[in-house]
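Asker: Sequence below, structure please.
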Amino acid sequence: MAASRALLPTPHAAAAASPAGARARLAAASASLRSAARVRVRCATLSSPAPAPVAAEAPARRISRDGSGGAPRPKPAVLVAEKLSEAGLAVLREFADVECAYGMAPADLLARVAQFDALIVRSGTKVTREVLEAGRGRLRVVGRAGVGIDNVDLQAATEAGCLVVNAPTANTVAAAEHGIALLASMARNVSQADAALKAGKWQRSKYVGVSLVGKTLAIMGFGKVGSEVARRAKGLGMHVIAHDPYAPADRARAIGVELVSFDEAITRADFISLHMPLIPTTSKIFNDESFGKMKTGVRIINVARGGVIDEDALVRALDSGKVAQAALDVFTVEPPPKDSKLVLHENVTVTPHLGASTVEAQEGVAIEIAEAVVGALKGELAATAVNAPMVPAEVMSELAPYVSLAEKLGRLAVQLVAGESGIKGVKVVYTTARGPDDLDDTRLLRAMVTKGLVEPVSSTFVNLVNADYSAKQRGLRITEERVAHDSPAAEAPLESIQVRLSQVQSKFAGAISDGGDIVLEGRVKYGVPHLTLVGPYEVDVSLEGNLILCRQIDQPGMIGKVGNILGQRNVNISFMSVGRTFRGKQAIMAIGVDEEPEKETLEKIGGIPAIEEFVFLEL
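Answerer: Predicted coordinates for the structure are as follows:
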């Protein structure tokens, strides 16, 4: 539990430390990481801030006495900025002084936040860098009563030594039930018929619906909410298929759900229910192209995130009849414009983001966030933490380049998995010359592999605190193995890191080892992460920018042909390496590029007769 004690500074240290000092200590602890690799890391790790001299103007603390009338002791203060149920407030009051100030203006929050150790918000309050800096080091925990944390500046919170926790599970059933309610309401034209009847119109023939029994429902995102929707849809007699690269096959089979690829899901479905996070790879993933692949007359339900649908494209699909109906609880902009063509469309059923709006869900969220905030204030490890814990600066300094390597190997590996197969097992192999006592804790590296595997296809922020929890929630079975290196004089903590994904299908066959696993291995050279092994092929390419992998027949002139295509399209090559098994047989070309080539450029590379397959991977 040593790590849990270092998770947050003590109340006295928190009251004294300044945000500027925390940022300075972060910069010192992670300087080698930033110079080693230019990669977007949403959850940086930092060292525990040392207490600074107490300023004369430090915020006053509430004082309480123990039951025996002993010496005064500080009691944490919690500011609740948006409505929280009494059940949650009761949990908070058992441990802290609680003040509820609903509907504060941003200026009022800035003026008052320095008086509190924790702040609890929903989606309406923006916890900006200015708010966190106004906390003057005393603010140690921000609790988001709900799942999304778009309104919290995570980087600024990390720099200020402030932990951010959320409540991701309590509203699962409520969201699933709302999805089913929209599904049934849309199928039977409930909202349209209701409005017509209240307007004095009796239109039975106009509002003939469609039956659900025997229809195919595609669930896009088979996480907690998606799986609950599947259970309920099966009870309605629907055939359920799902797409999710992380869905454990055994969990899907237990519910009676068939896991398929993205394209197969949208082409087979009569109804499509969206439960995927809004991340760069899913933004407007439902667009003109994807609507064009669907059955004519398909019906769409969205209780996830508005941004996954291109709303203009959906209006076009509704007008053409390609999409018969849509039922939407979320929108790209909330509230949507009053003149929104989508909201006003006669074949669209809408609700104002009511997915979590049940009495039971609101109470559950309140209790979940209250317990998370209290635990964090006590210095306990929080499974729902969404930003970084604090680790010793010396550990971060030594492992910094390997932290980047571990994440990038995970990030590459997940992109090689065919979407319909999911990930069954993950093994991380460390080759090291050090004994167990010198490298006795690989949690940070394991966490970063998990981060790389999970974050590209999820809205979850993974760090040392929640990595194992996040992996378990997604059915990832991660094991670790150490292999002794035969150079005891080596000073580096690690010779290499290897990531193996077992029992998976790969979209790039060249990454499959002789044992049938996807295998990637990397090393740190001159402080920079390098990819050194893909499947059975040895390569050597710096993990900067992006990567193109080509499996080809080993013959002269291939480097020139590919290089010419990229050069003609103004794509800058940073590194290029070729590895082969035997001369004249097969080889893999690994090409580092600064930017993503256009689709036509990649297709032209794939059209070279000697190239058997290729894949573009983002870092």
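
Asker: hey, let's count contacts and neighbours off CA atoms from now on
Answerer: Noted.

Asker: low pLDDT regions in the stretch 251-400 of the chain?
Answerer: Under the criterion pLDDT under 70, the flagged ranges of the stretch 251-400 of the chain are 381, 388-396.

Asker: can you give me the strands for it?
Answerer: Residue ranges of the strands in the stretch 251-400 of the chain, as given by DSSP state E, counting those that start in this stretch, are 258-259, 271-274, 298-302, 323-328, 348-350.

Asker: Name every strand pairing with the third one and say which way it goes.
Answerer: What that stands for is strand 298-302. Here strand 298-302 is paired, per DSSP bridges, with strand 271-274 (parallel), strand 323-328 (parallel).

Asker: Would you mind measuring from Ala96 to Val113?
Answerer: Separation of Ala96 from Val113 (Cα to Cα, to the nearest Å): 16 Å.

Asker: Repeat that for Ala400.
Answerer: 34 Å.

Asker: And for Ser496?
Answerer: Using Cα to Cα, we find Ser496 at a distance of 46 Å from Val113.

Asker: Ok, Val98 next?
Answerer: Val98 is 13 Å from Val113, by Cα to Cα.

Asker: Compare those two (neighbour count), which wins?
Answerer: Val113 (22 against 19; other Cα atoms under 10 Å).

Asker: Name the nearest residue to that one, sequence neighbours excluded.
Answerer: Leaving aside its chain neighbours, Val113 sits nearest to Gly135 (5.3 Å; criterion: Cα to Cα, 6 or more residues apart in numbering).

Asker: same deal with Ala174?
Answerer: Ala356 (5.3 Å).

Asker: Also Asp486?
Answerer: Ala433 (6.6 Å).

Asker: Same check on Ala265?
Answerer: Ala218 (5.7 Å).

Asker: before we move on, what about Glu480?
Answerer: Glu480 sits nearest to Val428 (Cα to Cα, 6+ apart), 4.8 Å away.

Asker: just checking, Glu618 touches Leu547?
Answerer: Yes - using Cα atoms under 8 Å, Glu618 is in contact with Leu547, at 6.5 Å.

Asker: more crowded one of these two?
Answerer: Counted by other Cα under 10 Å, Glu618 and Leu547 do not tie: Leu547 has more neighbours, with 26 against 16.

Asker: Checking the more buried one next. Helix, strand or coil?
Answerer: Secondary structure assignment for Leu547 (DSSP: H, G, I helix; E, B strand; the rest coil): strand.

Asker: Once you drop chain neighbours, what's closest to it?
Answerer: Sequence neighbours aside, Gly592 is the residue nearest to Leu547 in space, at 4.6 Å (criterion: Cα to Cα, 6+ apart).

Asker: For the one you found, identify the helix or strand it belongs to.
Answerer: According to DSSP states H and E, Gly592 maps onto strand 586-593.

Asker: returning to what we had before: list phi and psi for the residue nearest to Val113.
Answerer: phi -70, psi -10 (degrees, to the nearest 10).

Asker: How much space separates it from Leu89?
Answerer: Gly135 is 22 Å from Leu89, by Cα to Cα.

Asker: cool, Ala167 as well?
Answerer: On the measure of Cα to Cα, Ala167 and Leu89 end up 15 Å apart.

Asker: residues shared between the contacts of Val98 and Val113?
Answerer: Residues touching both Val98 and Val113 by Cα atoms under 8 Å, 6 or more residues apart in numbering: Leu79.

Asker: Distance of Pro609 relative to Arg551?
Answerer: Computed as Cα to Cα, the Pro609 to Arg551 distance reads 11 Å.

Asker: Between the two, which is the more surrounded one?
Answerer: Neighbour comparison, Pro609 and Arg551: the larger count goes to Arg551, with 25 against 9 (by other Cα under 10 Å).

Asker: Now do Leu476 against Phe508, distance only.
Answerer: 21 Å.

Asker: typo on my end, Val615
Answerer: Taking Cα to Cα, one finds Val615 at 7 Å from Phe508.

Asker: who has more neighbours, those two?
Answerer: Per other Cα under 10 Å, whichever of Val615 and Phe508 has more neighbours is Phe508, with 21 against 15.

Asker: residues in contact with the closest residue in space to that one that isn't next to it in sequence?
Answerer: Distances taken as Cα to Cα, 6+ apart place Leu416 nearest to Phe508, at 6.2 Å, with adjacent residues excluded. By Cα under 8 Å, 6+ apart, Leu416 lies in contact with Ser506, Lys507, Phe508, Ala511, Ile518.

Asker: got it, and Ser211?
Answerer: Ser211 makes contacts with Ala187, Arg188, as judged by Cα under 8 Å, 6+ apart.

Asker: Shouldn't Met104 be within a strand?
Answerer: No - read with three-state DSSP, Met104 is coil and lies in no strand.

Asker: How many residues are close by the closest residue to it other than its chain neighbours?
Answerer: Excluding its sequence neighbours, the residue lying closest to Met104 (Cα to Cα, 6+ apart) is Ala81, at 7.0 Å. Ala81 has 19 neighbouring residues, counting by other Cα under 10 Å.

Asker: thinking again about what came up before, could you pull up phi and psi at the residue nearest to Phe508?
Answerer: Backbone torsions of Leu416, given as degrees, to the nearest 10, read phi -90, psi -10.

Asker: Could you check how far it is from Asp263?
Answerer: 17 Å.

Asker: Would you check how far apart Leu412 and Ile591 are?
Answerer: Taking Cα to Cα, one finds Leu412 at 14 Å from Ile591.

Asker: and what of Asn572?
Answerer: 10 Å.

Asker: ok, the two, which is more surrounded?
Answerer: Ile591 (24 against 16).

Asker: Name the nearest residue to His345, sequence neighbours excluded.
Answerer: Nearest to His345 is Val315, by Cα to Cα, 6+ apart, at 7.9 Å.
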